[in-house]
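Colleague: Here is my input; please provide its structure:
(one chain, ligands or ions: 1)
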Amino acid sequence: MDTIRHATFETGRCMLGRLPHGKDLVGTIEEFCAQNGIQTGVFSVMGAVTSVTLGSYDQNQQVYVTYKKEEPLEIVACTGNVSFKDGKLAVHAHAILADISGQTIGGHVFSETLVYAGEIYFRELLGKPLERKYDEITGLLLWQL
Ligand code: ZN
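Modeller: Numbers count the residues shown, from 1 in each chain. Here you go, the predicted structure:
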């Protein structure tokens with residue numbers, strides 16, 4: 001029977017931070033991790049963006065389909081993790097965003113997504129870093145466990 005392959009971590013630092021105005025969401029979090037020696041972690045962000053690039057994985061074509069929206073949007077929810085991809089630190093984030101009338105869009109967050117203001121809750125995880133590897137079945141870069 002298939003089961004959830006997993007790794008176990010100790011909890012590290014617990015951090016709260018303010019995201020810089022006008023900077024890319026994904027890039028900023030990757031930079032934050034590099035500067036603080038974080039290799040693995042989970043986070044959530046709330047705030048607002050001035051533009052967003054979102055995508056969904058087309059399971060038939062096995063490619064991400066992305067689109068960009070250039071308008072003020074509220075980050076209703078954004079959750080993500082940090083691990084390694086091609087030997088480099090990589091953020092994986094998903095978000096739901098709302099426009100001025102409360103209509104929501106959501107998906108996988110890509111660069112460039114420009115932050116208007118944002119608050120991050122970051123939880124560092126200590127242990128053997130996770131590495132993403134190409135998965136034959138899905139075509140995705142999944143954790144090697
Ligand atoms: Zn994703």
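Colleague: For residue 53, give the beta-bridge partners.
Modeller: residue 68, residue 110 (DSSP bridges).
Colleague: In contact with it, which residues?
Modeller: Residues counted as contacts of residue 53 (C-beta atoms under 8 Å, 6 or more residues apart in numbering) are 66, 67, 68, 109, 110, 111, 112, 113. For glycine as for every other residue, the C-beta is placed from the backbone atoms N, C-alpha and C.
Colleague: Of these, which is the nearest to residue 127?
Modeller: Set against residue 127, the nearest of the contacts of residue 53 by C-beta to C-beta is residue 109 (25.0 Å).
Colleague: That closest one: neighbouring residues, count only.
Modeller: Residue 109 has 26 neighbours, counted by other C-beta atoms under 10 Å.
Colleague: now do the one 3 residues further on
Modeller: The tally of other residues near residue 112 (other C-beta under 10 Å) stands at 13.
Colleague: Repeat that for residue 39.
Modeller: For residue 39, using other C-beta under 10 Å, the count is 18.
Colleague: mind listing the strands for this protein?
Modeller: Counting by DSSP state E, the chain has strands at residues 10-19, 41-58, 63-69, 73-85, 88-98, 104-126, 131-134, 141-143.
Colleague: The spatially most central residue of the chain pairs with what?
Modeller: Centroid-nearest residue in the chain, with C-alpha atoms, centre = their mean: residue 93, separated by 1.9 Å. When bridges are taken as DSSP bridges, the partners of residue 93 come out as residue 80.
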